Structures are given as structure tokens and as C-alpha cells.
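*Asks:* Model the following, please.
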Amino acid sequence: MPMTELIYESDPDDPDWREVASDEESQGDGDKSGEDGDDEEDVVESGDDGEKSEDDVNNAGDDGDNNGRDRDVEPEASRRKAKRKREESEVEEDNEETQRKREKKTNVEEEDDIVERFEFEIEESVATWFDEFRINRNSIPESSDEEEDPIIIRDRRIRMGIDDKLGIGRTFFTAFEIKEAVLHHALKSRENIRQERYGKEKIGFRCGRDKNCGWKVYCAFDKSKQLWVLRTKCGYHSCTPNGKCKLLKSPVIGKLFMDKLRMDPNYMPLDIQQHIKEQWKLLSSIGQVQRGRLLALKWLREEYAQHFAHLRGYVAELEGSNPGSTSIVDTFRNADGEDVFNRFYVCLGAMKKAFYYCRPIIGIDGTFLKHAVKGCLLTAIAHDSNNQIYPIAWAAVQTENADNWLWFLKLLKADLDLKDGNNYVIISDRSKSPGFLVNMLMQPS
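*Replies:* Presented below is the predicted three-dimensional model:
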């Protein structure tokens, strides 16, 4: 039998037999049994023909007994060492797991503590909270300085609210101006306000929805100043706006939309109602809007009549502010003996002087007036050195006819000193009246 099949490793009946160690243990003990391994390799490699003498066999047997005993001791130590390492590693893992659980528990406790502390602070704040006393503008707060004059405090509050149109101490010339300021405040803040006090020297406003609401404004006439003074104001509403305002009545709607109706008389009530809803977030009935529109149109007609009554004052203002100007108002008497407007001519002095620096070209034309005031507008223009339009004179007449054109051209010829017109070119729209009148007017007398 070859020497590699020793009974120490294969025969379990032998008294010196031991269990073969695992590959890891045999590898771990490889260093310690290195010398024995060398002896075994020498035994395997010895012998050229694979046979040994009896002495060699006996010697090998003795060596095998010694090696077997050494091998029994070494695996037992390695096993104990490996077991001790495993136990140490298990203990370390248990310690790490315990430490992680302890840290996790600590974090959870800290979070719970923060949440509990936060809830406690909220409950404490709610328990100790109280509503502060509201100081209205008509009450003076108590001062820690007993020597401070209450009048000084009131003046300071007036200066602090000087930008407020409804601040205490604000002055107004008329009661109408006060109503305009309150209306502006109501539209801006979208609050329901009504007028509760009417009088020659007293006027007041309150909340228009709730009688118990504290908002109010009171003004009185000061005889020493000859002005209306705002005495009392409480600018806090305890109620909720309901989308209505009792100050928004038909006359107010008419005044608000006069400019719009002046530019567009066909602005309908539904358009006005929609504009109020979108602009100020307030509701108005269709009846209020219709009455307001009719009032506005009536006021516009009266306004045009008043404008014609101020024409002579306008003429005086033109001649005083612009010397050398020519402005003529032509009127005629009606059956009642009243002066009625007929035609109006204007040629400013500055433009009259600057015409001599323009090109010798004059253009005349007329156009119809299509707004509330009907009539016709006659104009005369020139070209300056930059070849741009330069207005010279204009006239407002009732109709475009030969009589009105002749009157306009005579005044234009006198203002510009055209004489016979040989050095000028006059351009018209080739209608019969202006062309014929120009030829007739420019002939030498």
C-alpha cells in the first residue's frame, strides 16, 4: 500500500484515530503543522521503486504516532479559538444591536418630548390669551404721563392721519365734498355705508347693514374757521360686507358715468350694471342704473347749454392770454328777444405771426360735428418748413353754406393780410362754394 493511505486518517477502528478537521481549520493550522507536512512529503517522495525496508517502516510508524498526538492537540486548540472568536463576534453584534435600539429609543423620546412641549405651549398661550381693548378715534387712550395735555395727543393723532381723507381733524369746504369723500371710501373698501344725519351744520354716516356696527363718521361746521371739520370717526366694521351700498343711488350712478356717456351716449344700462359689479364688486338694480343713465344724459344737455353761455368769457380769456388773437362770436335774436348762437371764429395771435415763416400754401375744408352739439367745423391750415401741418384758423358754424364760407374767408384774408392772393396757393376740396368764393374774394377790388 502506498504511504499516502495511512490508517491514522482512514481507519476508524484504530485507537489513535481522530476526526479529520474541516478545510478552514486545516488551513488555519497549516502554519503550525508545516514541519509535519514537510516530513510527509519527504516520505511520499522517498523510494524510487515504491517499496521500503522494514526499518524504514518501523521508523515511519513511530513518527506517525508522534504526529498523530500532535494533530489531536492542535485541532482542539484551533476549535476553541474559533469558538471564542465566534462568541466574541456574537457579543459585539449584540452590543451594537442594543446600542442602536437604545439610540432609536432616545430619539423617539426626544421627539415625543418636543411635541408634548409644543402642545403645552399652545395650550398655555390659548389659556392666557385675551382680546385687547380697541381704541377708537373718538376716545383718547390713557397716558402714563399725567402732565401730558390731551389736546397735544389729539393734534398728534391728527398729524399721523393727515394722509387719510377721513381722518379726524380733516376740513372740507362744503357738505357735498364730505359726501364725495365718504362715497370714495365706500367704493374703495366695498363697504355698506348710509347717511344717518342731515343738517345745515351737522352731517353723519353709519354702517348701512348692521345697526350695532361701530363704524361711523361725524362732521360739523366750524364757524370760526368757516369750514366743515371731521369730529368723530370709528373706522372698524364689526359686520361682514354683503355686496350692497346704500350710498350708490341713481344720482350717484349718473355722476359716476357722466364722462363715459359724454364719450359714448349709447352706453346701455346693462353695461353700466356690469361695470359696477366688476369695478367695485357691488350690486345695483337695473332700475337704479336706468334712472341714473337718464339723469346723466339730462345733465349733459344742460351742461352744453351752459357752455354756450360762457363763450364770451372764453373770447375775453383768449384775447387776454394771447395778444393779437382774433375771436368773434356771432349771434342773432330769437322770437323771445334772446341772443342765440350762430357762429364762432378763432385765429390765435401766435399762429398768425408764425404763418409768414410757412410755405405759401393754404388748405381750406369743412367737416361735420357728430356729437351732441351739431354743426360744421371750417378750418384753414398751412405747411411749415418741415412740410408738416400748421393750423391757422377755425370756425364753428351751424351749416356749411356760401354765407358761412364767405364770412370765414373774409376774416381769414384780413388776419393773414393776403391782399389779392397772387403770392399764395389756396387748395380746397373742389366743391362749388369754397372754390367760387375764393376766386371772387381774391379778385382785386
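*Asks:* worst-scoring helix or strand of the chain, pLDDT-wise?
*Replies:* Least confident helix or strand of the chain, by mean pLDDT, DSSP states H and E, is helix 34-45 with a mean of 43.
*Asks:* pLDDT weak spots in the stretch 151-300 of the chain?
*Replies:* Along the stretch 151-300 of the chain, segments meeting pLDDT under 70 span 151-163.
*Asks:* how about a cut-off of 90?
*Replies:* For the stretch 151-300 of the chain, the stretches with pLDDT under 90 are 151-171, 185, 188-191, 198-199, 208-214, 225, 232-244, 262-266, 281.
*Asks:* ranges for the strands of it?
*Replies:* 171-172, 193-197, 202-207, 216-222, 227-234 (DSSP state E, counting those that start in this stretch).
*Asks:* In this protein, which helix is the longest?
*Replies:* What stands out as the longest helix in the chain, according to DSSP state H, is helix 54-128.
*Asks:* Quick one: list the elements packing against that one.
*Replies:* The contact analysis (3 or more C-beta pairs under 8 Å, 6 or more residues apart in numbering; DSSP states H and E) places helix 54-128 against helix 7-10, helix 23-28, helix 34-45. For the C-beta atoms, the positions are set from N, CA and C on the backbone; glycine is no exception.
*Asks:* want to try a markdown table for the strands of the stretch 151-300 of the chain, with mean neighbour count and distance to Gly349 as columns?
*Replies:* Output for the strands of the stretch 151-300 of the chain, formatted as a markdown table (neighbours: other C-beta atoms under 10 Å; distance: least, C-beta to C-beta, whole Å):
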| stretch | mean neighbour count | distance to Gly349 |
| --- | --- | --- |
| strand 171-172 | 16 | 41 |
| strand 193-197 | 17 | 51 |
| strand 202-207 | 20 | 49 |
| strand 216-222 | 19 | 47 |
| strand 227-234 | 18 | 42 |
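*Asks:* Of those, which is nearest Ile361?
*Replies:* strand 171-172 (56.0 Å; C-beta to C-beta).
*Asks:* residue boundaries of the helices in the stretch 251-400 of the chain?
*Replies:* Along the stretch 251-400 of the chain, counting by DSSP state H, counting those that start in this stretch, helices occupy 258-263, 269-280, 286-309, 311-321, 349-354.
*Asks:* To Asp210, which of these lies closest?
*Replies:* Nearest of those to Asp210, taken as C-beta to C-beta: helix 269-280 at 20.4 Å.
*Asks:* Just the CA atoms of that closest one, as PDB, please.
*Replies:* The C-alpha trace of helix 269-280 is given here as PDB (Å, rounded to 0.1, in the frame of the first residue of the first chain):
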ATOM      1  CA  PRO A 269     -77.800 100.200 -18.500                       C
ATOM      2  CA  LEU A 270     -76.700  96.600 -18.700                       C
ATOM      3  CA  ASP A 271     -73.200  97.800 -19.500                       C
ATOM      4  CA  ILE A 272     -73.200 100.200 -16.500                       C
ATOM      5  CA  GLN A 273     -74.500  97.400 -14.200                       C
ATOM      6  CA  GLN A 274     -71.800  95.100 -15.300                       C
ATOM      7  CA  HIS A 275     -69.100  97.700 -14.900                       C
ATOM      8  CA  ILE A 276     -70.200  98.400 -11.300                       C
ATOM      9  CA  LYS A 277     -70.100  94.700 -10.500                       C
ATOM     10  CA  GLU A 278     -66.600  94.200 -12.000                       C
ATOM     11  CA  GLN A 279     -65.000  97.500 -10.800                       C
ATOM     12  CA  TRP A 280     -66.300  97.900  -7.300                       C
END
